[in-house]
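>>> please find the sequence and the predicted model below.
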Amino acid sequence: MRKLAYVPVAVALLLAPASAAEIGSAARGERLFGACAPCHSLAPDHNMTGPSLAGVVGRKAGALASFQRYSPALKSSSVVWNDQAPDAWLKKPDAFISGTRMTFQGVGEARIRADLIAYLKQATSSSQAKQAPAVGNPGDPDLKKLEPDQKVQSITYCPDTYRVTTADGQTQEFWERNLRFKTDSSAIGPNKGAPALFGAGMQGDRASVIFSTPEEISSFIKRQC
């Protein structure tokens, strides 16, 4: 089975060792963390592609109970995210924890690693954590607040075509392989019975429908020719 890859930089941007040769800048690290934010939230238990980093300082690797997708290698390691561990992970994850699924090649420049670690240490402190976004990234759309052309009213299927009707009265047709069905159970996920439609690139012929729960998918789609 092919390993899933994502940029895991923020998984280990933790507590910098006191003896580190590089003194990190939290201000610079905050800007650099933008590359990590698509996969990691600073809000407690708001997990995305990677686990939430809230409370990560001092936590055992692979131990956040609300995150279900740790690799066996990470879960079985004895690593705790303090002292030198974050810097070693950022430098080369697969060398630090053999068998990790992370294919990220690492950050070779010590100053960049120090900056990222300094920022995360500051951002996850008790005083700073309250300033973290409630969910996800600032640019993430709230799927409970949809425009009419995004709010799905009905979906019908007649081989091999899905027809998606939205609240503006428009119906779009998609070849069955070009329409993806997803779920979002977070606080900004769609309301039950009101899935969201978003384009997925190409020439407008591909899209995603996002439901509140997986059970809703089969009950919402009607076979109708």
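Done, it's in. Residues are numbered from 1 along each chain as shown.

>>> number of nearby residues for Gly204?
Residues lying near Gly204 (other C-beta atoms under 10 Å) number 9. From N, CA and C alone the C-beta is placed, and that goes for glycine too.

>>> did I read that right, it in a helix?
No: Gly204 sits outside any helix when classified using DSSP: H, G, I helix; E, B strand; the rest coil, being coil.

>>> sticking with Ala95, tell me its helix or strand.
Element membership for Ala95 (DSSP states H and E) is helix 93-96.

>>> please apply the same query to Lys222.
Applying DSSP H and E as the criterion places Lys222 in strand 221-223.

>>> on the three-state scheme, the residue nearest the centre of the chain is what?
In the chain, the residue lying closest to the centroid (C-alpha atoms, centre = their mean) is Met48, at 2.6 Å. Of the three states, Met48 takes coil under three-state DSSP.

>>> let me see the contact set for it.
If a contact means C-beta atoms under 8 Å, 6 or more residues apart in numbering, then Met48 has 38-41, 136 as its contacts.

>>> go through those and flag which are in helices.
Counting by DSSP state H, these place none of their members in helices.

>>> TSV for those, including neighbour count and pLDDT?
Shown next, in TSV, are the contacts of Met48 (neighbours: other C-beta atoms under 10 Å; pLDDT from 0 to 100):
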residue	neighbour count	pLDDT
Pro38	17	84
Cys39	18	85
His40	26	85
Ser41	26	87
Gly136	19	51
